[in-house]
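Asks: okay, here's the prediction I keep looking at, along with the sequence it came from:
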Amino acid sequence: MTVLLLVLAVCATLLAGVVLAALLDRALPELAGTLSRQRIETEAPDRMNRDLAPAFYLALAAVGLSVVPFAPGLALIDSPVGVVIWGTCEALTIIVVFLHGWSPNAPFPLIGAYRYAAIGLPVMLPSMFVLIAAALPAESLSLVAIVDSQREVWNVLRQPLGLPLFLVVALTLTLRGPMDFADAADIAGGTSAEDSGAGRALWQVARLAMLVSVSAVAATVFLGGPLGPVLPGPVWLWLKTAALMAVLVWLGNRVARTTPSRMLTILWVVLLPLSCADLVISGVVAL
Amino acid sequence: MAVIGDTLAARAPAAVFAAIGPGRQAGTERLFARRDMRRASTPRDASILLVAGDIPSEASEALARVHDQIPPPRATVQWQGEDPDRIVARVMETLKDLRVSATGEENRLPDAPPNEWKGIGPHGQGGKGMMGGTPYGRPMAMTGPDIRDGLQLDRYSARIGPFAPMLPPGLTLEVTLQGDVICDVSIDSPPFAQPADADAPDLCLARVLRLLGLDRAADRVLGGKRPGALWVQGAISRGLGRIDGTDMRDRVAAWRKGEAAPLGPFDLPRLLIGAEWSEAMLILASLPPSALIRAARAPEAA
Amino acid sequence: MTDLWVALLSLFAVWTGWRVFRVDSMVRASFSLMLSFIAVGAIGVLLSAPYIGVATVFMMAVEMMVMAIFMVMFMMNPAGLNPMVMVHQHRLSIGAGVVAALSLGAAVLFSRPPEDAVRAEADVVAELGHELLGPSMLIFETAGVTLLATMVGAVILSSRQGRFGAADEGSRPPGLSDGGAPAGRQPEGGGGHHHHHHHGGHG
């Protein structure tokens, strides 16, 4: 019974979140317009991967969301290694975006694909460091335990570097603004340059779904997830998730995107040491 | 559900792919700062092809190819210098018609592969070996020395333009890429001539902002407001597109103050070779159209 | 139930592993291999090793991504148009395959795996952590740091851009004074190669 309710909660959150994200992006009418158009094909595409990439992206968003506890102690996938499951979803997202760019058999999508892989791999490292730092006070890799460890003080205060670094990861995973190297303007929309019709609409929906999941994970790990006074747990989670989604959309619209090589330097030289520092400081504090 | 979808779709801004002809760059770019118009970054995302001005006959085949890449139902709208409000009204009218008729315009070119998929070898394969050659009549990438590290990496040659949205209208480049590093470039055709209004500082700044992923900021700039974006100058590396002692950052700074950034003559291919694709596109956007047209025509005259 | 899942996942792992050699593109081959590893990781989760199972999927995802990138970098359309056979040296590989299958099969049949089932309340992740950072710490840390140093060293050695100029042009450190003699120990004899190594050490 509880499992059924949790499945329902994950699906409803994903659906409502996608609609909210589309409203924030002012993209809802556009999605409907794209859906009504036909699809045209490139020459000799990798059809299987082209059709699977958006579906896998959506599935990863769903799996990522199902490790998030909707109430203290209550997650659909209540695994002792919830954080690692989420990290796996992140790593597989890079592959999905790569396949999306690879499959149309065209130059701009391919450039977008390997640009994204080059950026995505160094982004994984800060992501892992800040997530492990958040797991230290909980002395567990389970997201349920991480929520419990924030009853007195949220991780966003205990580890002030964590959330900003994780927002960079979130922008990368959702192909947004300053970290959108896969679908950038200088390569005519990159991995989606050759998408049309329903396939294009589905890819955009999957991006929005990932925005919901990554915001929910960030809310859980850094903002105490379902913890909060008066209102029931799920409502707090939804409020925090929606707030983080708005922050991510705002950042995506306002911050300029630099060139990939420059961003690589920034990732390795600035963000990686910062996340290392976050891990060390959190470790010392947790002792 | 379908009804909701249709009502929503009717409220969407018109997704338009613009093919800009001589003298129409400034007008078209200002047209897309409007809320009800959206410039599609690829024909596949559009339902309407806006042909602004008279496209020279050399580019007509490319225009037909762009047209055929727009997913049906599709339509073409010609813009010959009418008032912007009238052209937007016409685009909206055409969109409404498209929603009723299911197909729209037919292909202009035959939908057939440029070469037959017919193998030559005993197993029906197209060529020999794993790399290079022209299997099935299609040239394959072959390794060559990388211009940075001397490693043997694939070189991919392609002709890009004249309606590619990140290039100035009319410019066609023949580029050889290794990854996204440009190791060779030649100018196939120079940009179409544009009057001085295309050099306006707000238009130049808006072009750069769009490349930096700041579409809304670009619209604000064209509406006479401040861009309202973070890290615009910082995102541009120092020394990018340096000509006569000024680099792209200086030019963008001048445009943000509303000043023009005139440029002396320069060698366009030399500016682009060795740059990564995204850097090269930023460099091109940092050159005022008039200076760019002069530079692109110089090798032709020589 | 667990037995059925393990059997199904094993079949999936074998099938995707076989697909690696049957598909005609390196990208598909890389990701078939990844699917095979994902199935193995899922078996690990079912066998009460959640951390090792999920971490296998995580590591393999990143590794296969790197592999696919290198494939595309060296052959932009690997086997997209030209023929490509994923199998070569038939006799040798058949022999090696048969020997490996027989010996692994024999190991499974003749060895005696431990029979005590994992206690339901056992905190396997914490126990694994105590093992890795306790008795086995030296061996894991040595292996880890050695691998990291190898990777960093390989990148530095193969890079043309040195601290003092391109590696194949004989890099020279700048002088201590403006236009003065290069700083550091002077190399004996020519050869840009030597320059690089000598001064690399000082850098």
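Replies: That came through fine. Residues are numbered from 1 along each chain as shown, chains lettered A, B, ... in the order given.
Asks: make it CA atoms for all contacts and neighbour counts henceforth
Replies: Will do.
Asks: grab the most central residue of chain C for me.
Replies: C:Glu63 (6.0 Å; C-alpha atoms, centre = their mean).
Asks: show me what secondary structure element comes after the helix or strand containing that one.
Replies: Here C:Glu63 sits within helix C:50-74, counting by DSSP states H and E. Downstream of helix C:50-74, the next assigned helix or strand under DSSP H and E is helix C:90-110.
Asks: surely A:Pro178 meets A:Pro260?
Replies: No - in this structure, A:Pro178 is not within contact of A:Pro260 by C-alpha atoms under 8 Å, at 10.1 Å.
Asks: and the next element down the chain from the longest helix anywhere in chain B?
Replies: Assignment by DSSP state H gives helix B:84-100 as the longest helix of chain B. Next helix or strand after helix B:84-100 toward the C-terminus (DSSP H and E): strand B:142-145.
Asks: could I get the full set of helices for chain A?
Replies: Using DSSP H, helices in chain A cover A:2-24, A:28-35, A:47-66, A:82-102, A:107-138, A:143-148, A:155-158, A:162-173, A:197-222, A:233-254, A:260-266, A:272-286.
Asks: let's have those in TSV, adding mean neighbour count, mean pLDDT and distance to chain C.
Replies: Below are the helices of chain A laid out as TSV (neighbours: other C-alpha atoms under 10 Å in any protein chain shown; pLDDT from 0 to 100; distance: least, C-alpha to the nearest C-alpha, whole Å):
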stretch	mean neighbour count	mean pLDDT	distance to chain C
helix A:2-24	16	87	19
helix A:28-35	22	78	29
helix A:47-66	20	91	9
helix A:82-102	26	92	5
helix A:107-138	24	90	7
helix A:143-148	26	90	13
helix A:155-158	19	86	22
helix A:162-173	22	94	15
helix A:197-222	25	92	17
helix A:233-254	20	92	25
helix A:260-266	16	91	15
helix A:272-286	17	91	15
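Asks: adding distance to chain B, write these out as a markdown table.
Replies: Below are the helices of chain A laid out as a markdown table (distance: least, C-alpha to the nearest C-alpha, whole Å):
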| stretch | distance to chain B |
| --- | --- |
| helix A:2-24 | 12 |
| helix A:28-35 | 4 |
| helix A:47-66 | 15 |
| helix A:82-102 | 13 |
| helix A:107-138 | 7 |
| helix A:143-148 | 33 |
| helix A:155-158 | 23 |
| helix A:162-173 | 13 |
| helix A:197-222 | 7 |
| helix A:233-254 | 5 |
| helix A:260-266 | 8 |
| helix A:272-286 | 19 |
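Asks: what is the neighbour count of C:Glu121?
Replies: 6 (other C-alpha atoms under 10 Å in any protein chain shown).
Asks: show me what contacts it?
Replies: Residues near C:Glu121 by C-alpha atoms under 8 Å, 6 or more residues apart in numbering or on different chains: none.
Asks: so how far is C:Ser48 from it?
Replies: Between C:Glu121 and C:Ser48 the distance, using C-alpha to C-alpha, to the nearest Å, works out to 11 Å.
Asks: quickly find the element holding the closest residue to C:Val14 other than its chain neighbours.
Replies: Of all residues not flanking C:Val14 in the chain, C:Ser36 sits nearest, at 6.9 Å (C-alpha to C-alpha, 6 or more residues apart in numbering or on different chains). Assigned by DSSP H and E, C:Ser36 falls within helix C:26-46.
Asks: now do the buried residues in that helix.
Replies: Neighbour counts using 16 or more other C-alpha atoms under 10 Å in any protein chain shown place C:26-44 of helix C:26-46 among the buried residues.
Asks: ok, now which ones touch the residue nearest to C:Val14?
Replies: C:12-17.
Asks: ok, of the residues you listed, which one's closest to chain B?
Replies: C:Gly17 (22.5 Å; C-alpha to the nearest C-alpha).
Asks: I'd assumed C:Leu33 was in contact with that closest one.
Replies: Yes - with contact defined as C-alpha under 8 Å, C:Gly17 counts as touching C:Leu33 (5.7 Å).
Asks: quick one: least confident helix or strand in chain C?
Replies: Least confident helix or strand, chain C: helix C:192-202 with a mean of 40, by mean pLDDT, DSSP states H and E.
Asks: would you state the strands of chain B in chain order?
Replies: B:14-20, B:37-39, B:48-52, B:75-79, B:142-145, B:152-160, B:172-178, B:181-189 (DSSP state E).
Asks: the fifth one and chain A in contact?
Replies: No - residues of strand B:142-145 contacting chain A under C-alpha under 8 Å from any C-alpha of the partner chain: none, with a closest distance of 14.9 Å.
Asks: per-domain residue ranges of chain B.
Replies: B:2-100, B:146-302 (automatic domain parsing).
Asks: how about those in TSV, adding mean neighbour count and distance to chain A?
Replies: Output for those, formatted as TSV (neighbours: other C-alpha atoms under 10 Å in any protein chain shown; distance: least, C-alpha to the nearest C-alpha, whole Å):
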stretch	mean neighbour count	distance to chain A
domain B:2-100	18	4
domain B:146-302	19	4
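Asks: nearest spatial neighbour of A:Thr42, skipping sequence neighbours?
Replies: Closest residue in space to A:Thr42, ignoring its immediate chain neighbours: A:Pro104 at 6.2 Å, by C-alpha to C-alpha, 6+ apart.
Asks: for the one you found, give me its contacts.
Replies: Taking C-alpha under 8 Å, 6+ apart, one finds A:41-47, A:50, A:194 in contact with A:Pro104.
Asks: ok, of the residues you listed, which come out buried?
Replies: A:46, A:50, A:194.
Asks: close enough to count as contact, the last one and A:Pro109?
Replies: In this case it means A:Glu194. Yes - applying C-alpha under 8 Å, one finds A:Glu194 in contact with A:Pro109, separated by 7.3 Å.
Asks: circling back: closest to chain C out of the strands of chain B?
Replies: Judging the strands of chain B by C-alpha to the nearest C-alpha, what sits closest to chain C is strand B:152-160, at 5.2 Å.
Asks: tell me the angle that closest one makes with helix C:50-74.
Replies: Inter-element angle recorded for strand B:152-160 and helix C:50-74: 70 degrees (by axes from the mean of the first three to the mean of the last three C-alpha atoms, to 10 degrees).
Asks: in terms of secondary structure, what does strand B:152-160 contact?
Replies: strand B:142-145, strand B:172-178, helix C:50-74 (3 or more C-alpha pairs under 8 Å, 6 or more residues apart in numbering or on different chains; DSSP states H and E).
Asks: can you give me the distance of the closest residue in space to C:Trp15 that isn't next to it in sequence to A:Trp102?
Replies: In space, and not counting its chain neighbours, C:Trp15 is closest to C:Ser36: 7.8 Å by C-alpha to C-alpha, 6+ apart. According to C-alpha to C-alpha, C:Ser36 stands 21 Å off from A:Trp102.
Asks: picking up where we left off before, make a markdown table out of the strands of chain B and add mean pLDDT and distance to A:Leu141.
Replies: Formatted as a markdown table, the strands of chain B follow (pLDDT from 0 to 100; distance: least, C-alpha to C-alpha, whole Å):
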| stretch | mean pLDDT | distance to A:Leu141 |
| --- | --- | --- |
| strand B:14-20 | 89 | 46 |
| strand B:37-39 | 86 | 45 |
| strand B:48-52 | 90 | 51 |
| strand B:75-79 | 89 | 55 |
| strand B:142-145 | 79 | 46 |
| strand B:152-160 | 83 | 42 |
| strand B:172-178 | 90 | 42 |
| strand B:181-189 | 89 | 41 |
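Asks: that concludes my questions; thank you for your assistance.
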